[in-house]
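Visitor: the sequence isn't on hand, but the structure is:
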């Protein structure tokens, strides 16, 4: 087992965070807000500093797990991308899908959030490949 690349962990989480900023900003921000049932006042009154810090902390945890798997297996680049995208597509997305079914959330909200996980994980995987 090799050492976990802490630069990849940090930069992978940063890449995921950047995808989220674009995803929930100019790409799908207004549609996501409507589908999530959040008003402009709720968005303005949210503690965004806390939300962003916790979001990045969770993304660091996800990236640390990917880093652990990469360190344990020393896979070729295409396998790193398969693991990263696979996490988003086959673990993270179905998990939120289950919750959204019981919460009666829309398919549009699911598509936006699941797409964020898949694209964010692809960005994270690309960082690991770049730094490998």
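Guide: Received the coordinates, thanks. Remember, predicted model here, so these are calculated numbers, not experimental data.
Visitor: neighbours of the spatially closest residue to residue 73 that is not a sequence neighbour, just the number please.
Guide: Nearest residue to residue 73 in three dimensions, chain neighbours excluded: residue 79, at 7.7 Å (Cβ to Cβ, 6 or more residues apart in numbering). Glycine gets a C-beta too; all of them are placed from N, C-alpha and C. Using other Cβ atoms under 10 Å, residue 79 has 16 other residues around it.
Visitor: then residue 17?
Guide: Other residues close to residue 17 by other Cβ under 10 Å number 19.
Visitor: residue 128 too?
Guide: Residue 128 has 25 nearby residues by other Cβ under 10 Å.
Visitor: from residue 62, how far out is it?
Guide: Residue 128 sits 12 Å away from residue 62, going by Cβ to Cβ, to the nearest Å.
Visitor: residue 91 now?
Guide: Distance of residue 91 to residue 62, computed by Cβ to Cβ: 10 Å.
Visitor: torsion angles phi and psi at residue 75?
Guide: phi -80, psi 160 (degrees, to the nearest 10).
Visitor: so the nearest residue to it once chain neighbours are set aside, which state does it fall into?
Guide: Distances taken as Cβ to Cβ, 6+ apart place residue 83 nearest to residue 75, at 7.1 Å, with adjacent residues excluded. Look at residue 83: counting by DSSP: H, G, I helix; E, B strand; the rest coil, its state is helix.
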